[in-house]
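Student: coords below, sequence missing:
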């Protein structure tokens, strides 16, 4: 990558502006920029999070009362800080979707045993249909379920899976081997994502697709599968009513998997080991799967929120900040607490959009390029809002300088380092390095490369259409002893609250690290807004065009 010699966020003082958006002054002074930078604060951030993650917002599920409240709140807040509608005269971009909710009253029958929905398996269908089933569908283990010509790997090589149900491992072969020569070593590639596995099984013509859950390679526990893939699942409405997808797709836990392999006369651990060494598949004896999925189907419209601060000189060129506003909503089948408040994930990132927007709007002279914030829907359903935007961009990709994404901010204090997910993907790393150094921080790589985080949040949709995209947040090294103590106190609680009911705002949070991250992102955006350059992908990036 090219070395950035210097950035000038806190540049030599120039003429001081006299009002927000005033373009009669040539540029902002160093004091003006510092004032906007310092206006980002944890008190305001906390207040926005408290509102968005309140019980009143009901977990912010798409196409719900919670969505209506969220859209109203974001529109009012962005208007108040001085941003304008980003989609013509509207702050909204309609995202047509379909909700498919499978009845939990189902069993998965394999080898003479019925497995129960929830604790043992979760099944459903992406087809827009009220009834789908597997009936005595032959099982075949297809290793990691990967067809990757560039890695000379095809678990489906010479295999006809039409009418069959494929069973596969989560993640990709590099996780098991930790060999950097196999895929990307321990760092997950897109081939390790559950979305890819169902897509590939569908392309291969399978009737069903089952992923075996294991906590380490999945990077989350079984509870996340239960909470995230039960209830209403959202998708796009396609002309074929999604008939191109497998009829039934889902998960089984590792205990079920071991039992099934034993029934098939196979050893689960040995089969996993073989699957990691090269393209691999094996029939699972005479085992067949039967399950009936009864769906409640509802077509609906959800919305992305888009707002812009028009640039003073190059208004048609944009830096886009993203965060997803949605979470998992309400589960009325539960007793007691029923609301998935999603405070960290992602009321925190959505609140950060408002804070960063306000910092830019406080500048006496608007940035030369436009600053746009985009709060997207249905990230939890497979990045649907950002994928829809990427397929139907309001701002052309050729006019989008970069994407800076904020998802699940750090809430346990400041760090000495900044974790960059996808470190080395683009020249945006250089901008972040400079911004972090000014804060006394250093850049670190992905702390959980096996989790494939770069492929799991909304920046991925931008990267897929060639727009350099950055996703980073405070790292794992505490800034001081007090922060270390705090993390020891609340770290385990935060970890278990991912996609669980306990992801709620807490007074013992320390948002100082989140503020540093937002300030760094503000600096990067400001530098990009006044330069006549476009950050590039690195030559080694799979997104390089």
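Tutor: Structure's in. What do you need? Predicted model, so just to flag it, every value in this text is computed and none were measured.
Student: From here on, just use CA atoms for contacts and neighbour counts.
Tutor: Noted.
Student: what residue is smack in the middle of the protein?
Tutor: Residue closest to the mean C-alpha point of the chain, counted by CA atoms, centre = their mean, is residue 457 at 1.9 Å.
Student: gap between that residue and residue 483?
Tutor: 27 Å (CA to CA, to the nearest Å).
Student: what does residue 414 give?
Tutor: For residue 414, the distance to residue 483 - CA to CA - is 7 Å.
Student: What of residue 185?
Tutor: Residue 185 is 32 Å from residue 483, by CA to CA.
Student: residue ranges of the strands in the stretch 101-250 of the chain, please?
Tutor: Using DSSP state E, counting those that start in this stretch, the strands of the stretch 101-250 of the chain run over 107-110, 113-116, 121-124, 131-141, 147-148, 153-154, 165-169, 183-186, 208-213, 232-235, 248-253.
Student: Show me what counts as buried in the fourth one.
Tutor: Neighbour-count burial for strand 131-141, with 16 or more other CA atoms under 10 Å as criterion, is recorded at 132-134, 136-141.
Student: now the second one
Tutor: Using 16+ other CA under 10 Å as the test for burial, strand 113-116 gives 115-116.
Student: Tell me how far that strand lies from the chain's centre.
Tutor: Between the centre of strand 113-116 and the centre of its host chain there is 32 Å, according to CA atoms, centre = their mean, to the nearest Å.
Student: just stretch 448-457 next, same as before
Tutor: Centroid separation for stretch 448-457 versus its chain: 9 Å, with CA atoms, centre = their mean.
Student: Please spell out which residues along that stretch are buried.
Tutor: Applying 16+ other CA under 10 Å to stretch 448-457 flags 449-457 as buried.
Student: Make CSV from these and add secondary structure, pLDDT and distance to residue 387 to it.
Tutor: Converted to CSV, the buried residues of stretch 448-457 look like this (DSSP: H, G, I helix; E, B strand; the rest coil; pLDDT from 0 to 100; distance: CA to CA, whole Å):
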residue, secondary structure, pLDDT, distance to residue 387
449, helix, 83, 23
450, helix, 80, 23
451, helix, 82, 20
452, coil, 84, 18
453, helix, 87, 16
454, helix, 90, 15
455, helix, 87, 12
456, coil, 88, 12
457, coil, 94, 10
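Student: Looking at the residues you listed, which one is closest to residue 420?
Tutor: The shortest approach to residue 420 among the buried residues of stretch 448-457 belongs to residue 454, at 9.1 Å (CA to CA).
Student: who's in contact with that closest one?
Tutor: 421-422, 460, 471 (CA atoms under 8 Å, 6 or more residues apart in numbering).
Student: Reformat the residues you listed as a markdown table; add pLDDT and neighbour count.
Tutor: Formatted as a markdown table, these follow (pLDDT from 0 to 100; neighbours: other CA atoms under 10 Å):
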| residue | pLDDT | neighbour count |
| --- | --- | --- |
| 421 | 94 | 21 |
| 422 | 91 | 21 |
| 460 | 94 | 25 |
| 471 | 97 | 24 |
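Student: So which of these belong to helices?
Tutor: residue 460 (DSSP state H).
Student: Residue 451 and residue 505: what is the separation?
Tutor: Residue 451 is 25 Å from residue 505, by CA to CA.
Student: Next: residue 527.
Tutor: 33 Å.
Student: same check, this time on residue 296
Tutor: 33 Å.
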